[in-house]
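Enquirer: Here is a sequence with its predicted model. Questions after.
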Amino acid sequence: MISVIIPTFNEEENIAQCLVSLTHQTVSRSDYEIIVVDGGSKDATCGIAKKYADNVFTQTSKKVGGARNDGIMSAKGEIVATTDADCILPPNWIQVIKEDFKDRRLAQLYGPVYPIEVGIGNKFSLLLANTFSRIGYYSQTFYYTLGCNTAFRKDSFLKAGMYRCIDAGDDLEIALRMKDQGKVVFDGRLKVGFSMRRYRQYGTLKSLYEWVYIVSHGGESEKYSYTQKKYK
């Protein structure tokens with residue numbers, strides 16, 4: 001059993017396409033469960049999610065890291081995977097995760113992203129991000145992991161201390177602790193469609209600057225609001 005965790009907040013325009021992509025996987029639907037952890041949405045997010053997910057509930061921990069933690073704590077699977085409500089998962093996403101975790105030494109798995117929205121700028125931005133991720137992994141100097149495309153061995157995740165409940169960088173920081181639990185592996189086959197909507201709304205350079213600022217200040221800052229999703 002693999003458990004897929006999706007944190008949400010007012011995602012009625014995006015959650016259906018994400019969940020539909022998850023229900024059209026190359027493995028049997030009985031091989032995985034879908035858990036949606038909502039941050040108190042005021043729209044139809046939860047109603048839509050209940051049509052596809054096995055479990056939909058309101059988070060009790062703070063911020064997006066807390067939402068992921070709540071979902072993982074309720075998960076039945078030995079392997080837990082996380083993605084975002086505005087992502088699109090390829091049909092073989094679960095299959096690749098299953099294959100890779102046959103290696104009992106593996107603690108965390110992650111992969112690249114591609115832009116859902118068309119445009120040269122979007123493709124170039126994520127090309128740079130993926131290149132940065134590969135350089136870090138193959139040089140063994142850092143792990144540029146993303147919460148929209150990562151999976152863990154659940155017992156290793158719990159031993160590592162789970163996600164920090166911070167404004168930004170929780171998905172990057174966790175790999176620093178997971179490497180002490182076993183192998184952290186980048187698999188280029190594990191591609192996820194990533195929405196550039198926030199970058200388009202706020203501007204790529206401004207968004208990246210704010211993200212770097214917040215992460216460099218321990219993951220929390222009241223100075224900028226872009227990366228501070230309104231989870232509980």
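Expert: Thanks, I have it.

Enquirer: following the longest helix along the chain, which helix or strand shows up next?
Expert: For the chain, the longest helix by residue count, based on DSSP state H, is helix 120-139. Sequence-wise, the next helix or strand downstream of helix 120-139 (DSSP states H and E) is strand 150-153.

Enquirer: Just name whatever secondary elements the helix or strand harbouring residue 94 is in contact with.
Expert: Assigned by DSSP H and E, residue 94 belongs to helix 93-100. Helix 93-100 makes packing contacts with strand 2-8, strand 79-82, strand 106-110 when contacts are defined by 3 or more C-beta pairs under 8 Å, 6 or more residues apart in numbering; DSSP states H and E. The C-beta positions use only the backbone N, C-alpha and C, and glycine is treated the same way.

Enquirer: Quick one: the ones you listed as JSON lines, columns for mean pLDDT too.
Expert: Compiled in JSON lines, those are given as follows (pLDDT from 0 to 100):
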{"stretch": "strand 2-8", "mean pLDDT": "97"}
{"stretch": "strand 79-82", "mean pLDDT": "98"}
{"stretch": "strand 106-110", "mean pLDDT": "97"}
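
Enquirer: of all those, which lies closest to residue 157?
Expert: When the helices and strands packed on helix 93-100 are ranked by proximity to residue 157, the top entry is strand 79-82, at 6.6 Å, counting by C-beta to C-beta.

Enquirer: The closest one packs against which elements?
Expert: For strand 79-82, the packing partners by 3+ C-beta pairs under 8 Å, 6+ apart are strand 2-8, helix 63-74, helix 93-100, strand 150-153, helix 154-160.

Enquirer: Recalculate using a threshold of 7 Å.
Expert: For strand 79-82, the elements it packs on are strand 2-8, strand 150-153, helix 154-160, judged by 3 or more C-beta pairs under 7 Å, 6 or more residues apart in numbering; DSSP states H and E.

Enquirer: Give me the sheet partners of that strand and which way each runs.
Expert: Partners of strand 79-82 in the sheet, by DSSP bridges, are strand 2-8 (parallel), strand 150-153 (antiparallel).

Enquirer: Neighbours of residue 98, how many?
Expert: 17 (other C-beta atoms under 10 Å).

Enquirer: Contacts only, for it.
Expert: 2, 27 (C-beta atoms under 7 Å, 6 or more residues apart in numbering).

Enquirer: The residue lying closest to residue 29 once chain neighbours are set aside - how many residues pack around it?
Expert: Leaving aside its sequence neighbours, residue 29 sits nearest to residue 23 (C-beta to C-beta, 6 or more residues apart in numbering; 6.8 Å). By the criterion of other C-beta under 10 Å, residue 23 has 13 neighbours.

Enquirer: distance of residue 23 from residue 195?
Expert: As judged by C-beta to C-beta, to the nearest Å, residue 23 and residue 195 stand 19 Å apart.

Enquirer: And residue 52, by the same measure?
Expert: Residue 52 sits 18 Å away from residue 195, going by C-beta to C-beta.

Enquirer: Those two: which is more packed in?
Expert: residue 195 (21 against 16).

Enquirer: In this structure the more buried one contacts residue 116, no?
Expert: Yes: under the criterion of C-beta atoms under 7 Å, residue 195 makes contact with residue 116 at 5.1 Å.

Enquirer: mean confidence score for stretch 25-43?
Expert: Model confidence over stretch 25-43, given as mean pLDDT, is 97.

Enquirer: What is the distance between it and the centre of its chain?
Expert: With C-alpha atoms, centre = their mean, to the nearest Å as the basis, stretch 25-43 stands 13 Å off its chain's centre.

Enquirer: So which bits of it are buried?
Expert: Neighbour counts over stretch 25-43 (16 or more other C-beta atoms under 10 Å) mark 25, 32-39, 41 as buried.

Enquirer: Sounds good, over and out.
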